[in-house]
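Novice: Task: produce atomic coordinates for the following.
(chains A and B)
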Amino acid sequence: MSRRPFDPRLLRRVPATRRQFSALGALGIAAGVVVIAQATALATLLAAAADGRLDRPALAAFVAAVAARAGVVWGQGVVAARAAATVKAALRTELLGSVGTRGPAWVAGQRAGEVATLAGRGLDALDAYFTGYLPQLVLSVTVPVAVLARLTFADWSSALIVAVTLPLIPIFGALLGWQAQAATERQWRRLSMLGGHFLDMVAGLPTLRAFGRVRAQVEVVRRMADGHRVATMRTLRIAFLSALALELVATLSVALVAVPVGLRLLSGGLTLQTALLVLLLAPEAYLPLRAAGAKFHASMEGLSALDQSFGLIGDPPARPAATASVPAGEIRLERVTVEYERGVALRDVSLVIRPGERVALIGPSGAGKSTLLGLVLGFVTPTSGRVLVGGVDLATADLDGWRRQLAWVPQRAHLFASSLADNIRLGARNASDEQVRIALKAAVLDEVVDALPDGLDTVLGERGHGLSSGQRQRLALARAFLRDAQILLLDEPTARLDAASEAAVLAATRRLVAGRTALLVAHRPALLAEADRVIRVEGGRVTADSPVGAPA
Amino acid sequence: MSVSPSPERRVLRLARPYVGRLLLAGVLAAGTELAGLALMATATWLLITAAGQPPVAALTVAIVSVRALAIGRGVLRYTERLAGHDAVLRIITEVRARVFATLAARREQARSGDALSRLVSDVDAVQDLLLRVLVPGAAAAAVGALALAGATAVSPPAALALAGGLLVAGVALPAPPTAQTRRPPDRAAPRRAPPPADAIDLTHGAADLAAFGATGTALDAASGRARELATLERRLAAGGGGAAGAGVRAAGPTPPAVVAAAHSAGVDGVLVGVLAVGTLAAVEACLALVTAARQHTELRAGLRRVADLLDPPALADRTGDAPTKLRDVTVRYRSDGPPALDGVTLDLPPGHRIGIVGPSGAGKSTLLRVLAESAAPSAVGGLLADAHVFHATVRENLVLGRADATDDDLAAACATAGLLDWVREQPDGWDTVVGEDGGQLSGGQRQRLALARAVLLDPAVLVLDEPTEGLDPSAADRVLAAVVAGARGTVVLVTHRLRGLAGFDHILVLDSGRVVQQGRHAELVEAPGWYRDQWLAQETAERGYLSAA
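Specialist: A predicted model of the protein is given here:
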């Protein structure tokens, strides 16, 4: 697969960079001018020196040209790094924003990891692309053009040879580069697998230790690392060889220019100053093209990060303006079918949940219980059928407004990398410390928090690192308590809890559901006592629906 | 504690077997630069001499050398890169093996994902130290010294001017990046942390945010932090580009200074040109030191971390026969904290089924760990808490339990754990890759895989820590019964589910690190206490569930 060196979608997606790209272009043109000025001054200086004279104006011009070149190099570095920072920030925001606009169903599963990695460290690969590759790419256009123009003016026959041989670099580069790139991409997967292998082994050390395989595994790690070396060398050999070929092409081209110049100089057909100018300028024409080619491999990672980002962001879906406000009332599913890529989750389900009812959903895992909750939350859109609340179809409803009436305790609540208090306030940002305390006590989490040195200000690590599963579950309950919503959706709130924590969470749940509408997914039996109606879901269908206490 | 050698020196000590290759790479790198310098100098000499229209014979040697140098430079660069990368990758192999062995010897718990990925980039720092700092740095220094010697031979005053330029390019300029770049990354580091954390929160927590109407707030906060980081990066950009620009600027005045010095010393016009062009090349070569110094500063922190992991202590796998009794075990995780286990005694008569139950945090998993570490894995082992599933095939994960297992052995173990049907359904069968930490499996399948591995180990004492976690109740009972029935030796089971313990020979109830009750199931359900309360609660609930279901 050949990739374009510049992705035009960048200009469209991140308009803020247009100015920076124009600046890069202007600096590239300036670089071309400065290269010519420097070579002209040096040629004049040397020609004078050969005559035993010191050409002071040329000396001053040379120093000035070098200073200007320093300025241009500095400017390019600054502009490129600024562009990188702007693009990274914009793409980060857009990537994460696209999660917000498309809803949680879009990001579920593998895609969450993909987006998180990309928006996290993945975009940092753009630094190398912007600061290393892009300025070179600009130079590889402006400098050869400038050099050709100057040479045409000074000695048109040399200019002709340069003009004819210059395309050889991109042609050879493309031929060799494609070859190398195909090989690189084949190797790439293998390399990252080997890199991942080391990480996997370190992550699994406690398990290896438990099976007494650590000593044997040291040898395996060494062997795999050696395999890594052999594979890398194979790739590098191709890459280096193509670089060598390009260098030789450039060298031969310069020789083609230099030989006639030397002969004409010998026969007196050319002045020394012009000859020196040609000799100094000719290599400059080939250099930026080769440099850009050499950095292309390094930039590949950045380009694929860009490509992946644009692919994920895509075009925002045109969701019809859905603003109908949802009144309180019964929740009604009318012949709802939900199909995912991997199969049908719910088939033709109709049911009504009246205000104040406490309904338990039971059935084997994968039966469609969580999908039912997802429908009510508005995360899942029915493939056919409707979900109505108080007579309003959720497809046309203002979902944020509807969700304000809900509190949700998922199977595995996500804990955010901020303080405990912020985590509990997720659904009620303005709740007072006193209210948070009450919610904590209700969720039987107050003792745990009191035992922490920083109490409610304790900052949680990545994904709630530092809390046990039972404590996380109770934190999710505390969120729901603080939310104080009329309708509760609980997805197996006692999963993964030991009996003692389960009892505590059950007691908390009992207090939570009192006097509210509740939809409880119950895998474990203890929760059933809280329900006054049990619905059994199997294979995507409702197979039983009976009030608790009624004769079976 | 004695002062330890610098991290660079500790890394280089590892490189000793490959010092010949590294040296070769350095010599070739210097050769490449020198060939470039000589090429420019000779070509200039050729042109200026040719302008005097001498007989062609006087130029033959120079013409041949220009050709040789032009081709030689490319070939030298190619061999240098191959030799350098080969040497460095060999050293990296050694580094990886040693880091792994050191970590293996440290008996620490699993690391977080962030710490792990940092470990990988730390190892890469060693590669960069050799390839981007040491080899080019040494080559640049060699080229500078040789150029200086050559210039001295032609004209000492010109050499003095060159020395000044080289000092600026090779010594004065690399020094500021060392000082200058040391600070900004430190300032950027704390702000660089939020984007990955925000990314995780907004993706993995997308449903939670949406349900609680907090998506907008979280997104605003995240993009605010991303903008803050961008502002900081933009500010740092001015400093970074500055160093490169300063290099070019410093290099600039040197050739004119050399020309002026040589001219006033009355050097021949041809040689003045050669000196000027040679100076330009030499100073440019020495500017590589600026980049090298910059790289070095960025690498230091990683090098320091990795250097601490390069001297693995001798690794010994656990040995010893299965114990028949653990006497009076006390474990404290923190010297000032309460004990996790407090004088627990555990009898292990061969062939017995022993249950360990109790509220969470009672010390059950700790007791299993102490037991597992008391003997060789083939004597005591099984399924411990936090079992890792490797990003490899089903077979490779299973044979950790028994290296010489046949397909029949694998099938038998998987049948016991209830995984066999799934394996048979997979197109790749035993060679199905399970994904990072078993990510391609469902929670239940992952647990069954870990359990099958424990069954395959078939030790004298099989320890099982919550072996049916993540399975639904009826599957859990089935699998547990099959595993316990199939074990040839003693079984020690930690569980929160009391069903299935009825047939056990002995049950220990732990609370706060102490044994509070023990006996057989039938005795324990009769006696008042934690066990009976739990049993009744679980049974009532289960019966209600089953009747409702």
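
Novice: Going by C-alpha atoms from here, please, whenever you check contacts or count neighbours.
Specialist: Noted.

Novice: Does chain A have contacts with the longest helix belonging to chain B?
Specialist: Identified as the longest helix of chain B according to DSSP state H is helix B:60-105. Yes - interface with chain A: helix B:60-105 contributes B:70-71, B:74-75, B:77-78, B:81-82, B:85-86, B:89-90, B:92-94, B:96-97, B:100-101, B:103-104 (CA under 8 Å from any CA of the partner chain).

Novice: Check the gap between residue A:428 and residue A:485 for me.
Specialist: Remark: distance between residue A:428 and residue A:485 (CA to CA, to the nearest Å) = 10 Å.

Novice: mind listing the helices for the stretch 351-500 of chain B?
Specialist: For the stretch 351-500 of chain B, applying DSSP state H, counting those that start in this stretch gives helices covering B:364-372, B:394-398, B:407-417, B:420-425, B:443-457, B:473-486.

Novice: Next, residue B:344: phi, psi?
Specialist: phi -90, psi 130 (degrees, to the nearest 10).

Novice: What of residue A:416?
Specialist: Torsion angles, degrees, to the nearest 10, at residue A:416: phi -90, psi 150.

Novice: and what of residue A:337?
Specialist: With angles defined as degrees, to the nearest 10, residue A:337 sits at phi -120, psi 130.

Novice: List the contacts of the closest residue to residue A:282 other than its chain neighbours.
Specialist: Of all residues not flanking residue A:282 in the chain, residue A:254 sits nearest, at 6.2 Å (CA to CA, 6 or more residues apart in numbering or on different chains). By CA atoms under 8 Å, 6 or more residues apart in numbering or on different chains, the contact set of residue A:254 is A:162, A:279, A:282, A:283.

Novice: With residue A:273 instead?
Specialist: A:43, A:44, A:46, A:47.

Novice: Settle this for me: the third one is touching residue B:275, isn't it.
Specialist: Same thing as residue A:46. No - in this structure residue A:46 lies outside contact range of residue B:275 using CA atoms under 8 Å: 10.1 Å.

Novice: Neighbour count: these two, which is higher?
Specialist: A side-by-side neighbour count of residue A:46 and residue B:275, using other CA atoms under 10 Å in any protein chain shown, places residue A:46 first with 31 against 28.

Novice: ok, the one helix or strand that one maps to near chain B or not?
Specialist: Assigned by DSSP states H and E, residue A:46 belongs to helix A:17-50. Yes - Helix A:17-50 is in contact with chain B by CA under 8 Å from any CA, via A:46, A:47, A:49, A:50.

Novice: sorry, back to before: just put the contacts of residue A:273 in CSV and tack on pLDDT.
Specialist: Converted to CSV, these look like this (pLDDT from 0 to 100):
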residue, pLDDT
A:43, 93
A:44, 94
A:46, 89
A:47, 91
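
Novice: Now stretch B:359-367: average pLDDT?
Specialist: Across stretch B:359-367, pLDDT averages out at 79.

Novice: in which helix or strand would I find residue A:374?
Specialist: Taking DSSP H and E as the definition, residue A:374 sits inside helix A:369-377.

Novice: one step back: of all the contacts of residue A:273, which comes closest to residue B:204?
Specialist: Residue B:204 has its nearest neighbour among the contacts of residue A:273 in residue A:43, at 63.2 Å by CA to CA.

Novice: so who does the closest one touch?
Specialist: By CA under 8 Å, 6+ apart, residue A:43 lies in contact with A:273, A:274, A:276, A:277, A:280.

Novice: Surely the third one and residue B:47 touch.
Specialist: Yes - at 7.1 Å, residue A:276 and residue B:47 qualify as touching, with contact defined as CA under 8 Å.

Novice: can you list contacts of stretch A:401-410?
Specialist: A:325-326, A:377, A:476-477, A:480, A:483-493, B:211-213.

Novice: for chain A, what spans make up the strands?
Specialist: With strands called from DSSP state E, chain A shows them at A:331-340, A:343-353, A:358-362, A:384-389, A:392-393, A:406-409, A:487-491, A:517-521, A:533-538, A:541-547.

Novice: In a markdown table, list the ones you listed along with mean neighbour count and distance to residue B:61.
Specialist: What follows is those, written out as a markdown table (neighbours: other CA atoms under 10 Å in any protein chain shown; distance: least, CA to CA, whole Å):
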| stretch | mean neighbour count | distance to residue B:61 |
| --- | --- | --- |
| strand A:331-340 | 18 | 78 |
| strand A:343-353 | 17 | 80 |
| strand A:358-362 | 26 | 94 |
| strand A:384-389 | 20 | 87 |
| strand A:392-393 | 18 | 91 |
| strand A:406-409 | 25 | 86 |
| strand A:487-491 | 23 | 87 |
| strand A:517-521 | 25 | 91 |
| strand A:533-538 | 22 | 92 |
| strand A:541-547 | 16 | 93 |
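
Novice: With mean pLDDT as new columns, can these be given to me in CSV?
Specialist: Output for these, formatted as CSV (pLDDT from 0 to 100):
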stretch, mean pLDDT
strand A:331-340, 90
strand A:343-353, 87
strand A:358-362, 89
strand A:384-389, 92
strand A:392-393, 89
strand A:406-409, 90
strand A:487-491, 90
strand A:517-521, 90
strand A:533-538, 87
strand A:541-547, 84
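
Novice: Helix or strand for the closest residue to residue B:147 other than its chain neighbours, just tell me which one.
Specialist: In this structure, residue B:147 finds its nearest non-sequential neighbour in residue B:282, 6.5 Å apart by CA to CA, 6+ apart. If you go by DSSP H and E, residue B:282 is part of helix B:269-286.

Novice: Report the distance from that helix to the chain centre.
Specialist: Averaging C-alpha positions (CA atoms, centre = their mean, to the nearest Å) puts helix B:269-286 45 Å from its chain's average.

Novice: Contacts only, for the closest residue to chain A within the stretch 201-350 of chain B.
Specialist: With CA to the nearest CA, the shortest gap between the stretch 201-350 of chain B and chain A falls at residue B:269, namely 3.8 Å. Applying CA under 8 Å, 6+ apart, we find residue B:269 in contact with A:49, A:50, A:51, A:52, B:263.

Novice: what do you get for residue A:88?
Specialist: A:123, A:124, A:126, B:230.

Novice: Could you verify my assumption that residue B:158 touches residue B:259?
Specialist: Yes - with contacts counted by CA under 8 Å, residue B:158 reaches residue B:259, the gap being 7.3 Å.

Novice: Look at residue 390 and say how many residues are nearby.
Specialist: You didn't say which chain, so I picked chain A. Neighbour number of residue A:390 under other CA under 10 Å is 15.

Novice: um, chain B though
Specialist: Other residues near residue B:390 come to 23 when the count uses other CA under 10 Å.
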